[in-house]
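Asker: Sequence and predicted structure below; questions after.
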Amino acid sequence: MNEKYLVINAGSSSLKFSLYEMPEEKEIVNGYVERIGNEGSCYSLKYNGNKIQKEKLIMSHVEAVQIMLQELLQNNFISDLSDIKGVGHRVLHGAEKYSDSVIIDDSVLNDIVSLTELGPLHHPGQIDGIKAMQECLPGVPQVAVYDTAFHQTMPIENYLYATPYEWYEKDGVRKYGFHGTSHKYITETMKEHYGTDNVNLIICHLGSGASMCCVKNGKSIDTTMGFTPLAGLIMGTRSGDIDPSIIPYIMKKQNKTINEVIDDLNKKSGLLGIASKNDFRDICAMANNGNTNAQLAFTKFKKSVVKQIADYYFQLNGKVDAIIFTAGIGENTPSIREAIVNEISNPMNIKLNKESNNNIASFKEQKSGKISTNESSTDVLVIPTNEELMIALDTYRLSKENNKDNNKTKVYK
Ligand code: AMP
């Protein structure tokens with residue numbers, strides 16, 4: 001009999017959910033809650049070519065989870081909550097302790113809570129989601145799938161900061177990297193696409209949170225996010241890399257505490273800081289209407305990606321199989337893809353196929369494909385990420401193992 005597994009993927013301003021039938025890897029329904037905590041919040045469910053779309057004020061991730069379960073019941077995707085045999089949660093930060101997914105028990109949940117200081121935008125919503133699911137589905141295995149796991153293959157020269165070595169040894173200060181589930185999915189997809197495990201890739205995961213990954217021979221060797229997801233590219237509300245000396249300077253100038261400044265860097269910076277909007281659709285619309293701050297935000301976002309492509313191109317010694325655009329902005333915004341490809345066009349001998357680029361988006365018929373010309377030295381591709389499937393596979397594997405262990409315990413009692 002097919003078993004149903006629920007996947008919860010909470011982003012900084014969005015929550016995706018999917019119900020899978022396993023082991024068929026068949027997604028029965030998926031949904032997307034958008035603009036959580038903002039005006040215009042809404043959600044949608046998609047199944048068999050059908051779509052349910054509703055507008056509703058959704059103020060928290062907990063509310064989003066509750067709405068999701070109600071919709072699954074009301075629309076008969078499940079007849080009872082007990083149909084769900086396992087729940088996989090995307091969890092942002094596993095630090096060095098978690099290099100693989102794990103069944104959530106009290107000690108794992110405590111670790112997720114204590115790691116909130118490393119993932120202040122994500123962990124609170126994810127913890128609320130886990131607790132709500134534990135309450136609604138008591139006894140059902142809950143699995144944490146960490147965004148840091150895929151990057152554990154980075155060499156020390158890429159993950160170590162040039163800070164006192166004891167900061168790393170005693171306190172674990174190092175680059176961890178995030179979006180690992182997404183970067184892993186893209187890498188696995190590319191391995192299949194090129195028919196080899198030894199793929200060299202530059203992956204651009206551009207969403208509300210944005211990160212890039214340098215993949216050499218199928219393994220992550222570098223990524224833009226760091227000790228926390230605040231580092232690297234400019235993001236929706238996060239600053240990305242800045243000079244750390246700005247922090248004490250602003251504390252003094254604006255009479256702010258360290259937490260207030262870190263909060264500003266996480267929640268009031270990035271696109272929002274420059275152009276007063278964090279949604280890339282708003283940035284594009286404003287820029288097209290001549291808003292100079294939105295144009296500046298667009299340009300700075302582009303430049304932060306281009307700089308990193310250059311870095312990874314050299315780390316891969318110029319041997320790049322593909323540059324991949326993925327996640328909300330990467331999958332849906334031809335204008336930013338065009339701007340980025342135009343910047344790297346000459347040095348990397350890549351030419352944009354404009355027509356193909358303009359035709360690919362998740363809301364169009366064509367959702368993935370090549371946007372570089374055949375003569376280009378490197379493929380440039382748009383590939384929708386599928387963190388949900390990655391999470392479903394781990395949830396299925398660990399839930400099965402967990403049930404076997406429980407059964408064994410019963411036999412020997
Ligand atoms: P994610 O964090 O991957 O869900 O991505 C969210 C980001 O993707 C937001 O900045 C959205 O504005 C952007 N996005 C989603 N859909 C579109 C679209 N149709 N056009 C442009 N940007 C989009």
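Answerer: Structure's in. What do you need?

Asker: Tell me where the stretch 301-413 of the chain has helices.
Answerer: 327-332, 334-348, 354-359, 387-412 (DSSP state H, counting those that start in this stretch).

Asker: right, so of the ones you listed, which gets closest to Ile130?
Answerer: helix 387-412 (12.7 Å; C-beta to C-beta). C-beta: built from backbone N, CA, C; applies to glycine.

Asker: Now the closest one: average pLDDT?
Answerer: For helix 387-412, mean pLDDT is 78.

Asker: taking the helices of the stretch 301-413 of the chain together, which one is wrapped up most tightly?
Answerer: Greatest average neighbour count among the helices of the stretch 301-413 of the chain goes to helix 327-332 (a mean of 24), per mean count of other C-beta atoms under 10 Å.

Asker: Mind giving me the packing neighbours of that one?
Answerer: Here helix 327-332 touches strand 201-206, helix 334-348, going by 3 or more C-beta pairs under 8 Å, 6 or more residues apart in numbering; DSSP states H and E.

Asker: do that again at 7 Å, thanks
Answerer: Judged by 3 or more C-beta pairs under 7 Å, 6 or more residues apart in numbering; DSSP states H and E, the packing partners of helix 327-332 are strand 201-206.

Asker: Could you report the pLDDT at the residue most central in space within the chain?
Answerer: Centroid check for the chain by C-alpha atoms, centre = their mean gives His179 as the closest residue, at 4.2 Å. At His179, the predicted lDDT confidence score is 94.

Asker: can you put the helices of the stretch 301-413 of the chain in CSV and add distance to the ligand?
Answerer: Formatted as CSV, the helices of the stretch 301-413 of the chain follow (distance: least, C-beta to the nearest ligand atom, whole Å):
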stretch, distance to the ligand
helix 327-332, 2
helix 334-348, 8
helix 354-359, 13
helix 387-412, 10
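
Asker: okay, the ones you listed in TSV with distance to Glu365 next?
Answerer: As requested, the helices of the stretch 301-413 of the chain are arranged in TSV below (distance: least, C-beta to C-beta, whole Å):
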stretch	distance to Glu365
helix 327-332	14
helix 334-348	14
helix 354-359	8
helix 387-412	22
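
Asker: OK, now which residue of the stretch 51-200 of the chain is nearest to the ligand?
Answerer: Distance from the ligand to each residue of the stretch 51-200 of the chain (C-beta to the nearest ligand atom) is smallest for Ser182, at 8.7 Å.

Asker: which residues touch that residue?
Answerer: Residues near Ser182 by C-beta atoms under 7 Å, 6 or more residues apart in numbering: 205, 326-327, 385, 387.

Asker: element containing it, please.
Answerer: Element membership for Ser182 (DSSP states H and E) is helix 180-194.

Asker: Next, the buried residues of that helix.
Answerer: Residues of helix 180-194 classed as buried: 180-191, 194 (neighbour count, 16 or more other C-beta atoms under 10 Å).

Asker: One more: stretch 98-117?
Answerer: 98, 101-104, 108-109, 111-112, 115-116.

Asker: Looking at those residues, which are in strands?
Answerer: 102-103 (DSSP state E).

Asker: Show me the shaky parts of the protein.
Answerer: Across the chain, the ranges flagged by pLDDT under 70 are 1, 11-12, 405, 407-413.

Asker: Tell me the residues of it that contact the ligand?
Answerer: Residues of the chain lying near the ligand by C-beta under 6 Å from any ligand atom: 11, 14, 207-209, 236, 279-281, 327-329, 332-333, 363.

Asker: List only buried entries from those residues.
Answerer: Here, 16+ other C-beta under 10 Å leaves 11, 14, 207-209, 236, 279-280, 327-329, 332-333 buried among these.

Asker: tell me how far stretch 112-119 is from the chain's mean position?
Answerer: Mean C-alpha position of stretch 112-119 versus that of the full chain (C-alpha atoms, centre = their mean, to the nearest Å) differs by 17 Å.

Asker: end to end, how far does that stretch reach?
Answerer: Taking C-alpha to C-alpha, to the nearest Å, the first and last residues of stretch 112-119 lie 9 Å apart.

Asker: phi, psi of Val143?
Answerer: Main-chain torsions, Val143, degrees, to the nearest 10: phi -120, psi 130.

Asker: Count the residues that sit near it.
Answerer: Residues lying near Val143 (other C-beta atoms under 10 Å) number 26.

Asker: What residues are bridge-paired with Ala144?
Answerer: Applying DSSP bridges to Ala144 gives these bridge partners: His89, Val102.

Asker: is it true that it touches Asn110?
Answerer: No: using C-beta atoms under 7 Å as the test, Ala144 is too far from Asn110 to be in contact (11.9 Å).
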